[in-house]
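Participant: what's the 3D shape of this:
(one chain, ligands or ions: 1)
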Amino acid sequence: MAIKPESINQSSRLSQIYHLSGTDSIQSFILILGLFVAILFYVKLILSWCIQRYIYKFSYHQLKKLRLRLMNAYLSAPFTFYLKANTANLLHNSFHEVNNFCNDIMISLLKLISEFFIIIFIVILLAYTDAIATATITILLLLTLLFYNRFRKKLVYFGREASQSRASAIRVLNHALGGFKETRIIGCENYFQEQMDEQAQRYSYVISSYNTLQLLPRLLMEGIFITFIIGFTSLFILLNDSENLTSVLSIFVVASIRLIPSFSQFMTVMGKLRNSSYTLNRLYLELKAIEQLCASNHSFLSKSNSLSASNLANNQAMHFARQIVLDQVTYRYPGTDTPALHEISLSLKKGKSIAFIGKSGSGKTTLADVILGLLMPESGDIRVDDQSIYVNLRSWQNLVGYIPQSIFLIDDTLERNIAFGVPDHLIDPKRLDNSIKAAQLEELVKQLPDGIKTTLGERGVRLSGGQRQRVGIARTLYHEREILVMDEATSALDSETETLVTEAIKSLSGTKTMIIIAHRLSTIEHCDWVYVLEQGRIVKSGTYQDVVVEEQMLHGSDSHSA
Ligand SMILES: Nc1ncnc2c1ncn2[C@@H]1O[C@H](COP(=O)(O)OP(=O)(O)OP(=O)(O)O)[C@@H](O)[C@H]1O
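Facilitator: Okay, the predicted model is just below:
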């Protein structure tokens, strides 16, 4: 039109607009039209930018929400979830799968919708110009779609394989580095390298196959279009119909420039969605499984106490003035036949300390987990001053401090490890000081280069076993819990360290109520009552003198093991 302005008169619509516009010459009409097209083009660019911006904003907001939802679900999941869960999988879900969900599902889905509308718009425009040619093009595109659809199972398979191999690679890395001391000393680096090699190879195969498959729609369409253009051109030349040839060719050219990119993008996105269906299932099933576990825990709490949901939510502080009673507590691990605990009954007065001893596997840790409210008993009850702890588990847990065998230390300062979970500005220096003294950590603080501000390294690698355990004691004291449940470290502590740990525990006698799972008898001499567990039952109980000393005198057993 710019080259041949008079061609405006050949189009009835254009000449109508020209006459309606009231411009004095065809040239100025073309200039105004050009300006209008340029403005339209910029409007389209801005609109497309706004749509893309919205898609990204919306999708990454969903990513944030999903990541938080997953984290909340993991944090509120019942303890039984962790008995089966694998941390590598939890990490994989929280990062890779959530990213995948955002990039390959959310963004893809929104792009799919926008591409769909663009395709419909172009097809309508083309159909307006030449219905038959457009119908032919649409059929060709649909045939490509049908052909590509044959690979849907492969795409799902690639997605599943890629996700599983990524999760396995994290697991391998976790195992190799988590036990790096053992790996180095045993010299089994090759073992882990081979496992990593297997997973990396599996991943590289599926990811390259997937990307290759994703190229197919575009290549296929280009091939089909070129074949058709050449076919049509030859046909029209043979028929000597150059007028129709130009119009059909122009339709095909416009379709190639505008429709093929949109359509191939549409199919690529469909491929991505299929590929990510595993991610969707995985996240959905994970959240569902946690929800079900929470629901069964909740129904246990409601049933055992005939409570309404509002009672369970009430966050009133629980008072502990007299005693804790375990009444016929029975616990069975999910999927097992024999209960790990059989009708355990005992009572513990405020300020007193008791110890559980027994062979490995006798149920000591399980009992501690039930007392901590992490495992829900199959039957029986735990009461504090005649109030069931299941009335308000959170307030019960607010009374209890837990010192596990292996203390979880964060890669941060001693101060932050003791005041675990408390923001810096809320850390009480006096309380911190008192807990350090009571846990016999003063010497350690003096030795550390930056005192309480010294970083302990990941999992506290810069501390000895005994020091770690005392940090655990200090942590519980800082949080001012009235009842201490201590799973004594099984690892052999040197006698000096052992004395310090024992001293720390002893100094708390009378002020704190203590439940100790003992692995060394020397640390429980000060306990008021000792229970002997065997196959989940209490088989004997009494003072240290009754249970341990007399037993040793009778059997002459080693005083250093429980
Ligand atoms: N997650 C679990 N699933 C199924 N059974 C379990 C699970 N954890 C422990 N058990 C079983 O419950 C029983 C009690 O185990 P528990 O860990 O309480 O013993 P323990 O006395 O603390 O042993 P140790 O002194 O070696 O720590 C054992 O028979 C054990 O095999």
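Participant: nearest spatial neighbour of the residue nearest the centre of the chain, skipping sequence neighbours?
Facilitator: Residue closest to the mean C-alpha point of the chain, counted by CA atoms, centre = their mean, is residue 94 at 2.9 Å. Spatially, and ignoring its direct neighbours in sequence, residue 94 is nearest to residue 70 (5.5 Å; CB to CB, 6 or more residues apart in numbering). Any C-beta I mention is one placed from the backbone N, CA and C, and that applies to glycine too.
Participant: if I've got this straight, that neighbour is in a strand?
Facilitator: No: applying DSSP: H, G, I helix; E, B strand; the rest coil, one finds residue 70 to be helix, outside a strand.
Participant: Counting neighbours, what do you get for it?
Facilitator: As a burial measure, residue 70 scores 21 neighbours (other CB atoms under 10 Å).
Participant: what's across from residue 487 in the sheet?
Facilitator: Residue 487 forms beta bridges with residue 517, as assigned by DSSP bridges.
Participant: what's the neighbour count on it?
Facilitator: 23.
Participant: check contacts around it.
Facilitator: Residue 487 makes contact with 364, 365, 368, 402, 403, 404, 405, 517, according to CB atoms under 8 Å, 6 or more residues apart in numbering.
Participant: Keep only those residues that also lie close to the ligand.
Facilitator: Residues of those in contact with the ligand (CB under 6 Å from any ligand atom): 364, 365.
Participant: Highest neighbour count among the contacts of residue 487?
Facilitator: Top of those by neighbour count (other CB under 10 Å): residue 403, with 27 neighbours.
Participant: so that one touches residue 483, yeah?
Facilitator: No: judged on CB atoms under 8 Å, residue 403 makes no contact with residue 483 at a distance of 11.5 Å.
Participant: re the thing from before, gap between the residue nearest to the centre of the chain and residue 148?
Facilitator: Distance of residue 94 to residue 148, given as CB to CB, to the nearest Å: 33 Å.
Participant: Repeat that for residue 51.
Facilitator: As defined by CB to CB, residue 51 lies at a distance of 25 Å from residue 148.
Participant: These two: who's more crowded?
Facilitator: With neighbours defined as other CB under 10 Å, residue 51 and residue 148 compare such that residue 148 has more, 21 against 15.
Participant: I'd say residue 380 and residue 342 touch.
Facilitator: No: taking contacts as CB under 8 Å, residue 380 lies outside contact range of residue 342: 10.0 Å.
Participant: Just give me the residues shared between the contact sets of these two.
Facilitator: Counting by CB under 8 Å, 6+ apart, the residues touching both residue 380 and residue 342 are residue 330.
Participant: so where is the chain shaky, pLDDT-wise?
Facilitator: 1-14, 242-244, 298-316, 458-461, 489-504, 508-510, 550-562 (pLDDT under 70).
Participant: Flag every residue of it that's near the ligand.
Facilitator: 83, 333, 336, 340, 358, 360, 361, 362, 363, 364, 365, 366.
Participant: Return the entry from those with the maximum number of neighbours.
Facilitator: Greatest neighbour count in those, by other CB under 10 Å, goes to residue 364: 25 neighbours.
Participant: Mind jotting down where the strands sit in the protein?
Facilitator: Secondary structure of the chain, counting by DSSP state E: strands at 323-331, 341-349, 353-358, 379-384, 387-388, 400-403, 483-487, 513-517, 529-534, 537-542.
Participant: Could you export those strands as TSV, including distance to residue 213?
Facilitator: Output for the strands of the chain, formatted as TSV (distance: least, CB to CB, whole Å):
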stretch	distance to residue 213
strand 323-331	51
strand 341-349	54
strand 353-358	59
strand 379-384	56
strand 387-388	59
strand 400-403	51
strand 483-487	52
strand 513-517	56
strand 529-534	59
strand 537-542	60
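Participant: Of those, which is nearest residue 176?
Facilitator: Residue 176 lies closest, by CB to CB, to one member of those: strand 483-487, at 27.2 Å.
Participant: got a list of what residue 431 touches?
Facilitator: Residue 431 sits next to 478, 480 when contact means CB under 8 Å, 6+ apart.
Participant: Over to residue 98?
Facilitator: Going by CB under 8 Å, 6+ apart, residue 98 touches 63, 66, 67, 70, 283.
Participant: re earlier: minimum distance to residue 40: which of the strands of the chain has it?
Facilitator: Taking CB to CB, strand 400-403 is the member of these nearest to residue 40, at 67.9 Å.
Participant: how far is that closest one from where the chain is centred?
Facilitator: With CA atoms, centre = their mean, to the nearest Å as the basis, strand 400-403 stands 26 Å off its chain's centre.
Participant: counting contacts, what elements does that strand pack onto?
Facilitator: Applying 3 or more CB pairs under 8 Å, 6 or more residues apart in numbering; DSSP states H and E, one finds that strand 400-403 contacts helix 465-478, strand 483-487.
Participant: Would you mind stating the distance between residue 476 and the ligand?
Facilitator: Distance of residue 476 to the ligand, computed by CB to the nearest ligand atom, to the nearest Å: 20 Å.
Participant: what's the neighbour count on residue 473?
Facilitator: If you count neighbours by other CB under 10 Å, residue 473 ends up with 25.
Participant: so who does the closest residue to it other than its chain neighbours touch?
Facilitator: Closest residue in space to residue 473, ignoring its immediate chain neighbours: residue 439 at 4.2 Å, by CB to CB, 6+ apart. By CB under 8 Å, 6+ apart, the contact set of residue 439 is 470, 471, 473, 474, 477, 504.
Participant: ok, now how distant is the fourth one from the ligand?
Facilitator: Read it as residue 474. Distance, residue 474 to the ligand, by CB to the nearest ligand atom: 23 Å.
Participant: contacting residues around the residue of the stretch 51-200 of the chain found nearest the ligand?
Facilitator: For the stretch 51-200 of the chain, the residue closest to the ligand is residue 83, as judged by CB to the nearest ligand atom, at 4.0 Å. Residue 83 sits next to 333, 334 when contact means CB under 8 Å, 6+ apart.
Participant: and it, how far is that from residue 519?
Facilitator: Distance, residue 83 to residue 519, using CB to CB: 21 Å.
Participant: swap in residue 161?
Facilitator: 44 Å.
Participant: still on that earlier bit, among the residues of the chain next to the ligand, which ones are in helices?
Facilitator: 83, 364, 365, 366 (DSSP state H).
Participant: Determine which two of these are furthest apart.
Facilitator: Distance extremes for these: the farthest pair is 83 and 364 at 16.5 Å, using CB to CB.
Participant: Now for residue 357, how many residues are close by?
Facilitator: By other CB under 10 Å, the residues close to residue 357 number 25.
Participant: Surely it is in contact with residue 522?
Facilitator: No: the criterion here is CB under 8 Å, and residue 357 misses it with residue 522 at 11.8 Å.
Participant: Now do the contacts for the nearest residue to residue 203 once chain neighbours are set aside.
Facilitator: Closest residue to residue 203 apart from its sequence neighbours, by CB to CB, 6+ apart: residue 165 at 4.1 Å. By CB under 8 Å, 6+ apart, the residues touching residue 165 are 199, 200, 202, 203, 206.
Participant: Any idea how many residues pack against residue 520?
Facilitator: Neighbour count of residue 520, defined by other CB under 10 Å: 20.
Participant: Go ahead and confirm it touches residue 505.
Facilitator: No: counting by CB under 8 Å, residue 520 stays clear of residue 505, with 11.4 Å between them.
Participant: circling back to that earlier point, out of the contacts of residue 98, which is nearest to residue 133?
Facilitator: Nearest to residue 133, judged by CB to CB, of the contacts of residue 98 is residue 63 at 43.1 Å.
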